[in-house]
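Trainee: missing the sequence, but the structure's below:
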């Protein structure tokens, strides 16, 4: 049987880290087994679901490179199918119409809580109970459809991540399948969709463990084969609390805007709760080849922004210079720079990429080559250093403009002046770039070009 997995987000917000990891694990499992991955949008929360959220989820998955084989499929386009499934369950005695009002249900739960009982629906509209109590459907009231949960026994499954799990049926009540308006509840819609879409493996966060026994009951009542379930651990912040915005649980696309490469974020997500030995850096192809559920941890994963930044830095170091150039150029233009008016950006990127953790940092560093004006600050060096800088300016006006020869010229001036290299190189950096830290100064001089370097020196040094 071909493996078929799915990612089924609710379009009530952006694609965040937790959702992206769930999508990644489901996608990788399908790809590893040569199966198919389906994208399903669970849009039955009519008040909160938006098209903007749908677009944000799709954009995030595409940016990460998590491509689906079918979909996106939308639940609100399948209401007739849910109604048919509900009628099938009613006809088989597994579901029934419930006419209890919201006020009656709230009163029931309040009474149960007052008696120290677990609040739950009491099944009063089960046909035999309603008949015994003489209950008659109130005129004009639209009923919900409830599932008849077995009163005795238990429901169990062997979770692909957590191992054997069992729930007593006494802990479960008769859940609502269809609301009065015909819209399915989460647990019912999920089962019908997974059944119709022939999902073989349900891989999702372990916050869904409590939903699984209810869904298993519905699968069995529909005489359907069960998919296998695998519940992956939650992601926590460094403080051990559930991941939130303050920990970095922001939109996946915000990481793009902050200068992360998609393959770096994908690599990091893969290591949140899963491992392949001690491997930290690996390609998407390797991940798909290695991925299994056996090595998914049962313990919560911890989100570490510093580790993500380090990983992104490793990817930047080995990224293609031409690709990075395309990504950095719009960032420079947004800063008011004109990359065409300075050294070739691809050469600047090649020089600087080892020093940056993100594309944003890379763009910030690259600005030193495209700044219109440079402010070196107030000179704080003595006349000996000033004399050496003027000597270097004269030397640079005649030297062949190659990095090795520029380096040699600087060394000659340092030696003849009796100074040490930092005494000359530091003020030279400030005069040329306005910064105290740059890549090797000879490399910076070479890229800036003779005309720019001599102009900046002339602006701040007295002529001989």
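Mentor: Alright, I've got the coordinates. These numbers come from a predicted model, not from an experiment.

Trainee: which residues does the host helix or strand of residue 103 contact?
Mentor: According to DSSP states H and E, residue 103 maps onto helix 102-114. The list of residues contacting helix 102-114 from outside it, by CB atoms under 8 Å, 6 or more residues apart in numbering, reads 100, 118-122. Any C-beta I mention is one placed from the backbone N, CA and C, and that applies to glycine too.

Trainee: a markdown table for the residues you listed, including neighbour count?
Mentor: Below are those laid out as a markdown table (neighbours: other CB atoms under 10 Å):
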| residue | neighbour count |
| --- | --- |
| 100 | 19 |
| 118 | 10 |
| 119 | 14 |
| 120 | 16 |
| 121 | 18 |
| 122 | 15 |
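
Trainee: counting by contacts, list what the very next helix or strand once past the helix holding residue 103 packs against.
Mentor: Under the assignment DSSP H and E, the closest C-terminal helix or strand after helix 102-114 is helix 127-133. If you count contacts as 3 or more CB pairs under 8 Å, 6 or more residues apart in numbering; DSSP states H and E, helix 127-133 packs onto no helix or strand.

Trainee: redo that, cut-off 10 Å
Mentor: If contacts are counted by 3 or more CB pairs under 10 Å, 6 or more residues apart in numbering; DSSP states H and E, helix 127-133 sits against strand 95-98.

Trainee: what about the strands in the stretch 251-400 of the chain?
Mentor: All strands of the stretch 251-400 of the chain, identified by DSSP state E, counting those that start in this stretch, fall at 301-302.

Trainee: just to revisit the earlier point, what about the helix holding residue 103, distance to the chain center?
Mentor: The chain centroid and the centroid of helix 102-114 are separated by 41 Å under CA atoms, centre = their mean, to the nearest Å.

Trainee: next: stretch 274-285.
Mentor: 17 Å.

Trainee: and the end-to-end length of that stretch?
Mentor: 16 Å (CA to CA, to the nearest Å).

Trainee: buried set for stretch 362-381?
Mentor: 362-371, 374, 376 (16 or more other CB atoms under 10 Å).

Trainee: most widely separated two among the contacts of helix 102-114?
Mentor: The largest separation in the contacts of helix 102-114, counting by CB to CB, is between 100 and 118 at 17.7 Å.

Trainee: what bits of the stretch 351-464 of the chain have low per-residue confidence?
Mentor: 462-464 (pLDDT under 70).

Trainee: sorry, back to before: just send the contacts of helix 102-114 back as TSV, with pLDDT too.
Mentor: Shown next, in TSV, are the contacts of helix 102-114 (pLDDT from 0 to 100):
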residue	pLDDT
100	94
118	85
119	87
120	87
121	91
122	90
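
Trainee: which ones are touching residue 232?
Mentor: Going by CB atoms under 10 Å, 6 or more residues apart in numbering, residue 232 touches 18, 21-22, 25-26, 160-162, 203-206, 208, 272-274, 293, 296-298, 300-301.

Trainee: below-threshold pLDDT in this protein: ranges please.
Mentor: In the chain, residues with pLDDT under 70: 244-249, 462-464.

Trainee: give me the residues contacting stretch 377-394.
Mentor: Here stretch 377-394 has contacts from 399, 409-410, 412-414, 416-419, 423-424, 426-428, 430-431, 434, 436, 453-454, 456-458, 460-464, using CB under 10 Å, 6+ apart.

Trainee: go with 7 Å
Mentor: 410, 413, 417, 419, 423-424, 427-428, 430, 454, 457, 461-462, 464 (CB atoms under 7 Å, 6 or more residues apart in numbering).

Trainee: next one: stretch 405-425
Mentor: Contacts of stretch 405-425 (CB under 7 Å, 6+ apart): 384-385, 387-388, 391-392, 395-396, 399, 441-442, 445-446.

Trainee: neighbour-wise, which one of those leads?
Mentor: Ranked by neighbour count (other CB atoms under 10 Å), the contacts of stretch 405-425 have residue 445 at the top, with 25 neighbours.

Trainee: which strands or helices does the helix or strand encompassing it pack on?
Mentor: Take DSSP H and E as the rule and residue 445 turns out to sit in helix 441-448. For helix 441-448, the elements it packs on are helix 345-352, helix 403-417, helix 421-433, judged by 3 or more CB pairs under 7 Å, 6 or more residues apart in numbering; DSSP states H and E.

Trainee: please state the offset of the longest one from the chain centre?
Mentor: Averaging C-alpha coordinates over helix 403-417 and over its chain gives two centres that are 49 Å apart (CA atoms, centre = their mean).

Trainee: one more: stretch 314-323?
Mentor: 21 Å.

Trainee: can you get me the start-to-end distance on that stretch?
Mentor: Where stretch 314-323 begins and where it ends lie 15 Å apart, using CA to CA.

Trainee: would you mind listing the buried residues in it?
Mentor: 315-316, 319.

Trainee: gap between the residue most central in space within the chain and residue 271?
Mentor: Geometric centre of the chain, nearest residue: residue 17, 3.5 Å, by CA atoms, centre = their mean. Separation of residue 17 from residue 271 (CB to CB, to the nearest Å): 12 Å.

Trainee: next: residue 148.
Mentor: Taking CB to CB, one finds residue 148 at 44 Å from residue 271.

Trainee: what about residue 416, neighbour count?
Mentor: Counted with other CB under 10 Å, residue 416 comes out at 11.

Trainee: what distance do you get for it to residue 387?
Mentor: Applying CB to CB to residue 416 and residue 387 gives a distance of 10 Å.

Trainee: my read: residue 216 touches residue 225, true?
Mentor: No: applying CB atoms under 7 Å as the test, residue 216 and residue 225 come out as separate, 11.3 Å apart.

Trainee: which one of the two has more residues nearby?
Mentor: residue 216 (18 against 11).

Trainee: who are the contact partners of the more buried one?
Mentor: 155, 157, 226.
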